[in-house]
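Colleague: 3D, please:
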Amino acid sequence: MNNLLREKKDVGVIVCRMQVPYLTESHKAIINTVLQRHPRVVICLGTTNKLIDEKNPFPFLFRKSMIEQTFFGENLTIVPLADNPNNKMWVNTLDTMISAFLNKDEEAVLYGGRDSFIPYYKKDKGKFKFVELAPTDYDSGTQLRELMSLNLPDYSVDAANAIIWTLRQLKKD
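Modeller: Numbering: from 1, shown residues only. Okay, here's the model as predicted:
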């Protein structure tokens, strides 16, 4: 049995984007696995300061709320992690953020799924241990967003407000 499964200790850190309209079974499985392995879990959600687009349609607060509603009452801390075209600087920023969550004598273990940050973190010599978790389904966020974009949402005030909000975001300079 893996040592991580024997002792529930240290801080589990999930580095992800979760740019989806709802959490897939893979997202839920990754979060549940890390919650089972660690008493505290930090989710670093990748963010961009660019206009919304097909790849990044949901802002940080929207995705944070989606996770909190799905995992209500769990010991999760969800923080934004800004994109950076310089990967070495991005890795240093991530390591610094994670260090801020650690108590004395605590370690962090970083988790990612399919197509995650791990190869880049490894290449630029991030300082924490990392684990790649296998997906339990094969839904990709890109495919899910494409599928959802084919259907006009049913009318509701929330749907109408979302459409208006989106148009305003696309007009920003």
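
Colleague: Which residues are in contact with the nearest residue to residue 44 once chain neighbours are set aside?
Modeller: Leaving aside its sequence neighbours, residue 44 sits nearest to residue 81 (Cβ to Cβ, 6 or more residues apart in numbering; 4.0 Å). C-beta coordinates here come from the backbone N, C-alpha and C atoms, glycine included. Listed by Cβ atoms under 8 Å, 6 or more residues apart in numbering, the contact partners of residue 81 are 15, 44-47, 93-94, 97.

Colleague: and which of those is nearest residue 165?
Modeller: residue 47 (17.2 Å; Cβ to Cβ).

Colleague: hang on, residue 40 packs against residue 102?
Modeller: No. With contact defined as Cβ atoms under 8 Å, residue 40 and residue 102 do not form a contacting pair (9.5 Å).

Colleague: neighbour count winner among those two?
Modeller: Taking other Cβ atoms under 10 Å, residue 40 and residue 102 do not tie; residue 40 has more neighbours (20 against 16).

Colleague: Excluding chain neighbours, give the residue nearest to that one in space.
Modeller: In space, residue 40 is closest to residue 11, 4.9 Å off (Cβ to Cβ, 6+ apart).

Colleague: rewinding a little: quick one: common contacting residues for residue 40 and residue 102?
Modeller: residue 11.

Colleague: hang on, the earlier thing: can you give me the distance of the residue nearest to residue 40 to residue 157?
Modeller: Residue 11 sits 40 Å away from residue 157, going by Cβ to Cβ, to the nearest Å.
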